[in-house]
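In: what's the 3D shape of this:
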Amino acid sequence: MHRTIGPLALLFILAGTGISMSGQVIQGNARDPRVTSCGVEISGDRLTTVRPFIQTSEPLTGTVDLRIDSISGSNRNSTVQKTSLSSMPVVTVSADRLNIRLTMQSEGRVLCEIDEQVDMGSIRI
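Out: Here you go, the predicted model:
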């Protein structure tokens, strides 16, 4: 089984308060039989880290399109990143709510998708 996780922090958005967190996974919708698991891991301490991952039955190449809207009160920040599966993005934010949109593709085929709104006060991470 192959697991790909992004190793690099690409963006820091500092807006909001710190929350003590230990980690939670939001599973994505696997759209290809070669995908055994996919999604994002949300973790952090003062800032929330969103880290995409994919597990496959064989090595794959492709792209990751990630959009995160972080919302705190009337403030809204958006992060959009497109990278390869081999260098998945890591986004660190601080917000009350996150809108996460993720699409992973290989050779024109969608591997995994997420379109999820996360209320940071209602989950344990």
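
In: only C-alpha atoms for contact and neighbour calcs from this point on.
Out: Will do.

In: Any idea which helix or strand in the chain has the lowest mean pLDDT?
Out: In the chain, no helix or strand scores lower on mean pLDDT, DSSP states H and E than strand 8-12, which sits at a mean of 27.

In: After it, which helix or strand is next?
Out: Counting by DSSP states H and E, the next helix or strand C-terminal to strand 8-12 is strand 24-27.

In: I would like the residues contacting that following strand, please.
Out: Residues outside strand 24-27 that contact it (Cα atoms under 8 Å, 6 or more residues apart in numbering) are 37, 38, 39, 40, 41, 42, 43, 114, 124, 125.

In: And the helix or strand the second one falls within, what does it pack against?
Out: Read that as residue 38. Counting by DSSP H and E, the element that carries residue 38 is strand 35-44. Under the contact criterion of 3 or more Cα pairs under 8 Å, 6 or more residues apart in numbering; DSSP states H and E, strand 35-44 touches strand 24-27, strand 29-30, strand 48-56, strand 109-119.

In: and with 7 Å instead?
Out: strand 24-27, strand 48-56 (3 or more Cα pairs under 7 Å, 6 or more residues apart in numbering; DSSP states H and E).

In: export the ones you listed to JSON lines and tack on mean neighbour count, mean pLDDT and distance to residue 110?
Out: Compiled in JSON lines, the helices and strands packed on strand 35-44 are given as follows (neighbours: other Cα atoms under 10 Å; pLDDT from 0 to 100; distance: least, Cα to Cα, whole Å):
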{"stretch": "strand 24-27", "mean neighbour count": "16", "mean pLDDT": "93", "distance to residue 110": "15"}
{"stretch": "strand 48-56", "mean neighbour count": "22", "mean pLDDT": "92", "distance to residue 110": "12"}
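
In: Nearest to residue 98, out of these?
Out: Distance to residue 98, taken as Cα to Cα, is lowest for strand 48-56 among the helices and strands packed on strand 35-44, at 9.8 Å.

In: Just the buried residues of whichever helix or strand comes after that closest one, please?
Out: With elements assigned by DSSP H and E, the helix or strand that comes after strand 48-56 is strand 63-72. Across strand 63-72, burial judged by 16 or more other Cα atoms under 10 Å covers 63, 64, 65, 66, 67, 68, 69, 70, 71.
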